[in-house]
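J.: Give me a 3D structure for the following:
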Amino acid sequence: MPKPLPVYALVGPDPFLQLLKLAEVLRDLPKDAQRVDADGERAELAEVLDELRSFAMFGGGKVVVVRDADTFLTRFREQLEDYLAAPSDSATLVLRLASLPKSQRVFKAIDKVGMVVDCAPPRDLARWVVDRARSVHRVTLDPDAARMLVELIGVDLGRLDSEIAKLAIDAGDTGGRITAQKVGETVAFQREQEMWDMTNALAAGEPAEALRRWRQLVQLDPSAEFRAVTWLGMWLEDVRAALRGGAGKLAWKYKDRFPQFLKTSQRLGAAGTSRALDLLAEADHQSKTGVGEAASNVERFILEMGTSGPL
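T.: Residues are numbered from 1 along each chain as shown. The predicted model follows:
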């Protein structure tokens, strides 16, 4: 296994691509690497540097993931440049950024000792959908079916991937082929709507109802347990965007559920959303390192979220 790089910058506006690239980075780290997540809007430089420079509890190294790192970078640009000049050799820093101009010194500093990863959506979305269906979901998606999916969903890679996964479940009856007719017959977003109902119950301080909905969802769609973290992560990223004033750009996505989405976002608030993201990252880490089953880890996430009542 190659030695992990000391820093990665995952740059782009699409959270799904960032999460995919983050998963690749984590797979290249030792299995016992200790993961620490930080919110770039609130994290202090000293806290992050202390984590990077201190030894991991179990000796497998550390990875510190800073989400919304644009704010963090703006606040501590010079200090981060100093750190990158002599980074820790036993820890990896991952910065999730919406943008990072190549002309900036910090870009060059990261590129010199680590890697800047482009997480911008592809220009040809239909081609991406076809390739994703073949390489990840092991099905053949007709070009016209791919174009229909893109027209229905838009530039939302997480939602596109989720729709392909649902279509792939029933593709065995057609030899692994998905046609435009099949896409048209499928109830778009059905499982995601059920997931939103679960998260809405959770945000309202009703963990028992959220847990009931989650168990029902897994019974209806066994593959849900493998996509739950992505679903929840994308939903929480939308909540954060709404709280930062970007709600108007999400109206098309949530359609008739948009008013409920706004109420849920306000109920969660910035602190509740950050806490949820931290808990979700821990549940994801446990599932990928063999600590419990994926469905059980999502249940634990729900229960931990509900321990303090309405968020």
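
J.: helix or strand for residue 276, which one?
T.: Residue 276 is part of helix 258-288, with elements assigned from DSSP states H and E.

J.: Dump the very next helix or strand once past that helix to PDB, restricted to CA.
T.: Beyond helix 258-288 in the direction of the C-terminus, DSSP H and E gives the next helix or strand as helix 294-306. Output for helix 294-306, consisting of C-alpha atoms alone and laid out as PDB, is shown next (Å, rounded to 0.1, in the frame of the first residue of the first chain):
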ATOM      1  CA  ALA A 294     -24.600  -0.800   7.900                       C
ATOM      2  CA  ALA A 295     -28.400  -0.900   8.800                       C
ATOM      3  CA  SER A 296     -27.600  -1.200  12.500                       C
ATOM      4  CA  ASN A 297     -25.100   1.700  12.300                       C
ATOM      5  CA  VAL A 298     -27.800   3.900  10.700                       C
ATOM      6  CA  GLU A 299     -30.200   2.900  13.500                       C
ATOM      7  CA  ARG A 300     -27.600   3.900  16.000                       C
ATOM      8  CA  PHE A 301     -27.200   7.200  14.200                       C
ATOM      9  CA  ILE A 302     -30.900   7.800  14.500                       C
ATOM     10  CA  LEU A 303     -31.000   7.000  18.200                       C
ATOM     11  CA  GLU A 304     -28.000   9.100  19.000                       C
ATOM     12  CA  MET A 305     -29.500  12.000  17.100                       C
ATOM     13  CA  GLY A 306     -32.700  11.600  19.200                       C
END
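
J.: Show me what helix 294-306 is in contact with.
T.: 198, 202, 205-208, 210-211, 214-215, 218, 225-226, 228-229, 232, 275-276, 279-280, 282-284, 286-287, 291-292, 311 (CB atoms under 8 Å, 6 or more residues apart in numbering). C-beta: built from backbone N, CA, C; applies to glycine.

J.: Which among those residues count as buried?
T.: Judged by neighbour count, with 16 or more other CB atoms under 10 Å as the criterion, the buried members of the contacts of helix 294-306 are 198, 202, 206-207, 210-211, 214, 218, 225, 228-229, 232, 275-276, 279-280, 282-284, 286-287, 311.

J.: Can you pull the domain assignment for this structure?
T.: Domain assignment of the chain by automatic domain parsing yields the ranges 7-118, 125-185, 190-306.

J.: Could you export those as TSV, including mean pLDDT?
T.: Listed next are these as TSV, based on pLDDT from 0 to 100:
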stretch	mean pLDDT
domain 7-118	91
domain 125-185	85
domain 190-306	82
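
J.: now the helices for the stretch 51-200 of the chain?
T.: If DSSP state H, counting those that start in this stretch is used as the criterion, the helices of the stretch 51-200 of the chain fall at 69-75, 77-85, 105-113, 125-135, 143-153, 157-169, 180-185, 190-203.
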